[in-house]
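Undergrad: Provide a 3D model corresponding to the input given below.
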Amino acid sequence: MKLAIASILAGSVAAFAPSPIGNQYAATSTQLHARKPFISGNWKLNPQTKDEALALAKGIASSITENSPDVDVALFVPYVFIESTMSSVDGKLSVGACQVCPQLKGAYTGAISTSMLKSIGVEWALAGHSERREIYGETDDYINAQCLKIIDEGMSVMLCIGESLAEFEQDLAGSVCAVQLKKGLKGINREDLDRVAIAYEPVWAIGTGKVATPEIAQNVHAKCRAIIADMYDQEAADAIRILYGGSVTPESVDDLMSMPDIDGALVGGASLDASKFGRIINFKSAVPV
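TA: A predicted model of the protein is given here:
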């Protein structure tokens, strides 16, 4: 490792500054909270029992009150907890799947299809999370197949993108996000983008306790929006929601959500604590939402 992460966080904001005029991916920003915020939690391989899952879901749902910000909330939970979690949250939030199989049926032991998920009321699924890319070897082509199948089934997808520590150190976040966005969204029509959200998750910040500064995250988000404008058009880019993920906490969420191109959060560890995740849902905004 060439640099300590702490030094990187302190000194690398300039690396993500808006690109010069003329670069097709020059960063742009949009009006603060031009899009409805979206706060989501990814439970991963947690909790360990159904009772624990239900208690957690109920605790999270209870934190959503009439005084909460006007935000969308979703939990991405293990398959075995999906239906019981749905029934426990009183319709206050969406319950999604952590990933899908792009095939609908056949000899794919252990796989879960979009049609199976839709049949029990699932509306959202993740695709492209870095843990799926790294641990399970999911390629950009496979992730694109997941995205297409989710959209084809009439569901919505949250496409996860982000750079490794080595790529971060080499100032390649914009390039990595461009590749992952272009490959992940390949074949998705403009009219279907209202069922797509993007989660920018720098891999070096996932589960490490390190969070990209709001300035770093904002500049990468703005670059991602510029990439989408290049792929589709500016109106589409302005409409799509781009969430930040990577050790988001109650202490960091307010500053992150004050940035104009950060439309929400995909939360890992803190989503396993109802009090912490409730505070993230009820973030303190610089402007009314």
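
Undergrad: residue 194 contacts residue 235, doesn't it?
TA: No: assessed by C-beta atoms under 8 Å, residue 194 is found out of contact with residue 235, at 11.6 Å. Using the backbone N, CA and C atoms, a C-beta is placed for each residue, glycine as well.

Undergrad: where exactly do the helices run in the stretch 1-150 of the chain?
TA: Per DSSP state H, counting those that start in this stretch, the stretch 1-150 of the chain has helices spanning 5-11, 50-62, 82-88, 114-119, 130-135, 140-152. These are given in chain order.

Undergrad: now what about the second one, what contacts it?
TA: Where contact means C-beta atoms under 8 Å, 6 or more residues apart in numbering, the residues beyond helix 50-62 that reach it are 41, 43, 47, 73, 75, 77-78, 80-81, 84-85, 88-90, 92-93, 95, 271-272, 274-275, 277-278, 281.

Undergrad: now the last one
TA: Contacts with helix 140-152, where a contact means C-beta under 8 Å, 6+ apart, come from 99-102, 104, 113-114, 125, 127-128, 132-133, 156-157, 159, 179-180, 183-188, 192, 195-196.

Undergrad: before we move on, what about the fifth one?
TA: Outside helix 130-135, the residues within contact range by C-beta under 8 Å, 6+ apart are 44, 99, 138-139, 143, 160, 162, 201, 203, 206.

Undergrad: just the buried subset of the residues you listed, please.
TA: Burial of these was assessed by neighbour count (16 or more other C-beta atoms under 10 Å); the buried members are 44, 99, 138, 143, 160, 162, 201, 203, 206.

Undergrad: low-confidence ranges, the stretch 101-250 of the chain, go.
TA: Residue ranges of the stretch 101-250 of the chain with pLDDT under 70: none are present.

Undergrad: need the strands for it, in chain order.
TA: Applying DSSP state E, counting those that start in this stretch to the stretch 101-250 of the chain gives strands spanning 124-127, 156-161, 196-200, 241-245.

Undergrad: include distance to residue 66 when you put those strands into CSV, please.
TA: Formatted as CSV, these follow (distance: least, C-beta to C-beta, whole Å):
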stretch, distance to residue 66
strand 124-127, 24
strand 156-161, 26
strand 196-200, 25
strand 241-245, 23
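
Undergrad: distance of residue 159 from residue 212?
TA: In this view, residue 159 and residue 212 are 18 Å apart by C-beta to C-beta, to the nearest Å.

Undergrad: my error: substitute residue 88 in the last question.
TA: Distance of residue 88 to residue 212, given as C-beta to C-beta: 33 Å.

Undergrad: next one: residue 176
TA: When C-beta to C-beta is applied, the distance between residue 176 and residue 212 equals 14 Å.

Undergrad: these two: who's more crowded?
TA: Per other C-beta atoms under 10 Å, whichever of residue 176 and residue 212 has more neighbours is residue 212, with 29 against 19.

Undergrad: which residues does that one contact?
TA: Taking C-beta under 8 Å, 6+ apart as the contact definition, residue 212 lies against 9, 202, 205, 220, 244, 246.

Undergrad: how many residues are close by the second one?
TA: In this case it means residue 202. Neighbours of residue 202 (other C-beta under 10 Å): 28.

Undergrad: swap in the fourth one?
TA: If you count neighbours by other C-beta under 10 Å, residue 220 ends up with 28.

Undergrad: just residue 75 next, same as before
TA: Neighbours of residue 75 under the rule other C-beta under 10 Å: 27.

Undergrad: show residues contacting stretch 177-184.
TA: Counting contacts by C-beta under 8 Å, 6+ apart, the residues outside stretch 177-184 that touch it are 25, 127-128, 140-141, 143-144, 147, 159, 161-163, 198, 200, 220, 223-224, 227-228, 231.

Undergrad: please pick the buried ones from these.
TA: Applying 16+ other C-beta under 10 Å to the contacts of stretch 177-184, the neighbour count classes 25, 127-128, 143-144, 147, 159, 161-163, 198, 200, 220, 223-224, 227-228, 231 as buried.
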